[in-house]
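Trainee: Give me a model of this one.
(2 chains)
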2 protein chains.
Amino acid sequence: MNLNKNYQEDFDKISKSDLKTRLARLSRICENLEIPVLVMIDGFESSGKGYVINDLTEELNPKYCNVEVFEKDEEYDKKYPFTKRFFESIPKKGHIKVFDRSFYYKLFDDINVNDKDLENRIQSLKKVEKMLYDDQTIIIKLFLNVSEDEQKKRIKELENSKQKSFYLTQSDKDQNKNYKEYQKHFENILEKTNFDFSPWTIIDSNNLKKASKGALYQMLEELTIGLERVSTQRIDSKNEERSYSNPIKVIENLDLNKSISDKEYDEKKDKLEKEIKDILFQFYERGISTVLAFEGVDAAGKDGAIERLIKKVDPRLYTVHAISAPSKEENEYNYLWRFYNKLPEDGYTGIFSRSWYGRVMVERVEGFASTNEWARAYDEILEFEKQIAEHGTLILKFFVVIDKDTQYQRFMDRENNPDKNYKITDEDWRNRDKWNSYIDAMDEMLYRTNVDYAPWIIVEGNQKHYARIKVMEEFLSRAKAHLKEYDKNNNK
Amino acid sequence: MNLNKNYQEDFDKISKSDLKTRLARLSRICENLEIPVLVMIDGFESSGKGYVINDLTEELNPKYCNVEVFEKDEEYDKKYPFTKRFFESIPKKGHIKVFDRSFYYKLFDDINVNDKDLENRIQSLKKVEKMLYDDQTIIIKLFLNVSEDEQKKRIKELENSKQKSFYLTQSDKDQNKNYKEYQKHFENILEKTNFDFSPWTIIDSNNLKKASKGALYQMLEELTIGLERVSTQRIDSKNEERSYSNPIKVIENLDLNKSISDKEYDEKKDKLEKEIKDILFQFYERGISTVLAFEGVDAAGKDGAIERLIKKVDPRLYTVHAISAPSKEENEYNYLWRFYNKLPEDGYTGIFSRSWYGRVMVERVEGFASTNEWARAYDEILEFEKQIAEHGTLILKFFVVIDKDTQYQRFMDRENNPDKNYKITDEDWRNRDKWNSYIDAMDEMLYRTNVDYAPWIIVEGNQKHYARIKVMEEFLSRAKAHLKEYDKNNNK
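Mentor: Predicted coordinates:
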């Protein structure tokens, strides 16, 4: 090596392409460590989001980096809880997802939003961001800022360009016309959504080249900070101990042997089935959606109750989701992702045989989720359900309970071949070992997640007929109340 | 947030303190991911190594970062294989070790080194660096370059300073007097040790502030590159499959029942013990060190053979190291670290009951080392032994072999309580399961690591008396040959 040659890089002049190389390097570390990265690029209209995003993603591996454009889609947004669209688009583990516009784009657009709605939505989105942050996502939020004059100049240029004029929308012009108002509105939202765990960085975008260099630079910084944070989090979660605290025993005090006669069952069944069919059609007419979750141990009678409930309902109006262990694909996302995906459109019913409560039951008891993960899941689940309820959806949760003798008996009944009975005994013993852990987890779940907007309905299940009628009656009475409330609010 | 305020960092002017903050951040990621980092700062005398090292380490957590100064210590260096001192100082997992001077400092200093010695040492150090690199260490090598004039100026300043003149050594002046020659010598070594897996970066150190900023910057770059590389390596090693290939069956063809009569044993034993005592004293007089490794299954008779071998030797002249699973502390280093630590000083004997060969036996069979790790260990071990042999040490490896019936018998004999015999039967069955895997591993070990400078001596061990006499006779004849060779070379 020649000591008279200068081998040193001139760090005073980092080029954009150099920053891109570094960004690619960091992105590969995130890929290797299976860390999801969510980048939101929002800002004024004509502030150069596309230009910046091109630079950010140019050197990233397209297998692990996608851009998601959030254009206005009021039709879609109206039909679902407003967080669904974002949540469906969160990055997988090891992937970078760049949002062209952010979680907040509708709020940014809606200059006339009232304070209460604004506050509500911000609180919801804050909780979603916090959940992703806790779930080891690196979140980067950039806001591109242009001056009134520069914006006007760019709009003019677009208007005069043959190829590019289609990029121009009414929003651009509206914003420029009311620049000062929008500026104040943006500042307000930025202030309120500048969370400790996911702050905004405002990028001066009057000079596009400088802006995209600034964005690259900021992303490099935040990725490194995020890498440190997530790797620390992982060590902390390795070291944590599991602890159980169960304030109230619900299940052991239930009278599980409640029953009805065959005669009563036959009398009630047909009438209830018909009424349920009718009310779900009325829901459909009004565009009210329904979410029903069923939980309970193996052989508790969840599926039988679901079958009975929807016996006469038009099958085009509902979907039953049998939830088991997440697939490999599903496991690459936050645990709620696969449920957000399955939320019913307005007017329809989604029924979940087992649900998101797996997080605080099987995943807790079997150790698939760390203590931190399941302990914070109670709040995360309530927030998820709150978003559903606030959209106007009827959400009910049925918990079907049997005792362990009944479960044993049902296992035996299921087994046709008497020579194989000994196998069931083996399994039963294993179940019995963890039975109490499951009861503890269920008690805590019932205690912590029984809320007005998404109540638990406990169904004593030793007698199947009793359980099925109770599910139908409870559903019907609550659906009626929901309908009445809806009609009152909509002056029907 | 006020959109008229400038939130953007000015990336054109990164300050030194900013670089330090980033370095600290990356160091915490390395800490979290348990990646060892080895930084070597070498260069001309008076090139500002101290200044640069101060800046590099200022913001690093001293719990995870140490500086190791390699001053000349010819006394120490003469007594041991020349790589020992470096290897003892390698960083732990998650720690940063900064070497003030490098692996190469003696070569840099020795301007009159002959080509063959230079080439030999470079090849050894290259293999050590490659081993650390393969073992997921991030290696950063910086060379500080000053001009002849600047060096002269700094030497003058030191001479004239009351507080700092003690920093000045004869080397500084010598180097400056023969600057051109040293420059050529350095260029030659830098060229030859500029390996793909651990290249040098030459830092222009005529301006100290710029140099230390350059060093910070370079370290940031290489840490990021290293993080990517190591995290990829970890994924690759997770995905790899284990494969066995055993070219030659040695063990199954041995006659393990070789024996001698009690009379022969008694006759030979005393004479051998005395001769061994004498020859190890002659070794001591001449400053020749000895390394003996003993391997073999449980109850093969390793420790009995060792006891007999050193029965009459002055206990101040030897140390027996019983090697079991590495401690938590030892596990934080490369697997050879704990053996480098235990190498005997000139004139002394180090005896290892079990040794570094655990890497390719127990760690291989039980899966404690990945296929990549144990597969490359053969070469690493040979390099380790070559360094020992080239220092003039006598190195011998004894492999004591018994068959599984004999092992079973010895286990039974060891067990005093006949009521507990059933326990040994259980263990024996488990051993028997893996017995063949161990034999495969041992065959491959014998085949791959039997070299002239560190030969394996196979000891048929079913009869203890035969085994002990064979160990003593083999040791004695090889020690005599070694002594003869030594005396010939030293004209005694």
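
Trainee: Longest helix in chain A, please.
Mentor: helix A:208-239 (DSSP state H).

Trainee: Could you double-check that A:Met40 sits in contact with A:Phe99?
Mentor: Yes: if you go by C-beta atoms under 8 Å, A:Met40 and A:Phe99 touch, sitting 4.5 Å apart. To be clear about C-beta, it is placed using only N, CA and C from the backbone, and glycine gets the same treatment.

Trainee: Next, A:Glu119: phi, psi?
Mentor: A:Glu119 adopts backbone torsions of phi -60, psi -50, taken as degrees, to the nearest 10.

Trainee: Tell me, how many residues neighbour it?
Mentor: A:Glu119 has 12 neighbours, counted by other C-beta atoms under 10 Å in any protein chain shown.

Trainee: Just the closest residue of the stretch 201-350 of chain A to chain B, please.
Mentor: The minimum distance from the stretch 201-350 of chain A to chain B, using C-beta to the nearest C-beta, falls at A:Ser231 (3.5 Å).

Trainee: That residue: what's it in contact with?
Mentor: A:33, B:28-29, B:32-33 (C-beta atoms under 8 Å, 6 or more residues apart in numbering or on different chains).

Trainee: what packs against the strand or helix carrying A:Ile457?
Mentor: Assigned by DSSP states H and E, A:Ile457 belongs to strand A:456-460. In terms of contacts (3 or more C-beta pairs under 8 Å, 6 or more residues apart in numbering or on different chains; DSSP states H and E), strand A:456-460 is packed against strand A:394-401, helix A:421-449, helix A:464-489.

Trainee: Which among these is found nearest to B:Ile14?
Mentor: Closest approach to B:Ile14 among the helices and strands packed on strand A:456-460 is made by helix A:421-449 (48.2 Å; C-beta to C-beta).

Trainee: ranges for the helices of the stretch 51-200 of chain A?
Mentor: Assigned by DSSP state H, counting those that start in this stretch, the helices in the stretch 51-200 of chain A fall at A:74-79, A:84-88, A:105-109, A:115-134, A:148-160, A:170-177, A:179-192.

Trainee: Determine which of those shows the lowest mean per-residue pLDDT.
Mentor: When the helices of the stretch 51-200 of chain A are compared on mean pLDDT, helix A:74-79 scores lowest, with a mean of 80.

Trainee: From the rest of the structure, what touches that helix?
Mentor: By C-beta under 8 Å, 6+ apart, helix A:74-79 touches A:85, A:106, A:345-346.

Trainee: if we go to 6 Å?
Mentor: Here helix A:74-79 makes contact (C-beta atoms under 6 Å, 6 or more residues apart in numbering or on different chains) with A:345-346.

Trainee: Which residue is the nearest non-sequential neighbour of A:Ala479?
Mentor: A:Ile279 (4.9 Å; C-beta to C-beta, 6 or more residues apart in numbering or on different chains).

Trainee: Likewise for A:Lys72?
Mentor: By the measure of C-beta to C-beta, 6+ apart, the closest residue to A:Lys72 outside its immediate chain neighbours is A:Asp109, 7.4 Å from it.

Trainee: How far off centre is stretch A:322-332?
Mentor: In terms of C-alpha atoms, centre = their mean, to the nearest Å, the centre of stretch A:322-332 is set 14 Å apart from its chain centre.

Trainee: typo on my end, it should be stretch A:337-354
Mentor: Taking C-alpha atoms, centre = their mean, the mean C-alpha location of stretch A:337-354 is offset from the chain mean by 12 Å.

Trainee: pLDDT on that stretch, on average?
Mentor: The average pLDDT within stretch A:337-354 is 95.

Trainee: list the buried ones in it?
Mentor: The neighbour-count check on stretch A:337-354 (16 or more other C-beta atoms under 10 Å in any protein chain shown) flags A:337-340, A:343-344, A:346-354 as buried.

Trainee: same question, stretch A:286-297
Mentor: For stretch A:286-297, the neighbour count (16+ other C-beta under 10 Å) marks A:288-297 as buried.

Trainee: Take these and lay them out in TSV including pLDDT.
Mentor: Putting these into TSV (pLDDT from 0 to 100) gives the following:
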residue	pLDDT
A:Ile288	96
A:Ser289	97
A:Thr290	98
A:Val291	98
A:Leu292	98
A:Ala293	98
A:Phe294	97
A:Glu295	97
A:Gly296	94
A:Val297	90
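
Trainee: Which members of these define the maximum pairwise distance?
Mentor: For those, the farthest-apart pair by C-beta to C-beta is A:Ile288 and A:Val297; their separation is 31.4 Å.

Trainee: count of residues packed around the residue of the stretch 51-200 of chain A found nearest chain B?
Mentor: Relative to chain B, the nearest point of the stretch 51-200 of chain A is A:Leu190 (4.1 Å; C-beta to the nearest C-beta). The number of residues packed near A:Leu190 is 21, by other C-beta under 10 Å.

Trainee: Now for A:Leu476: which residues touch it?
Mentor: Neighbouring residues of A:Leu476 by C-beta under 6 Å, 6+ apart: A:275-276.
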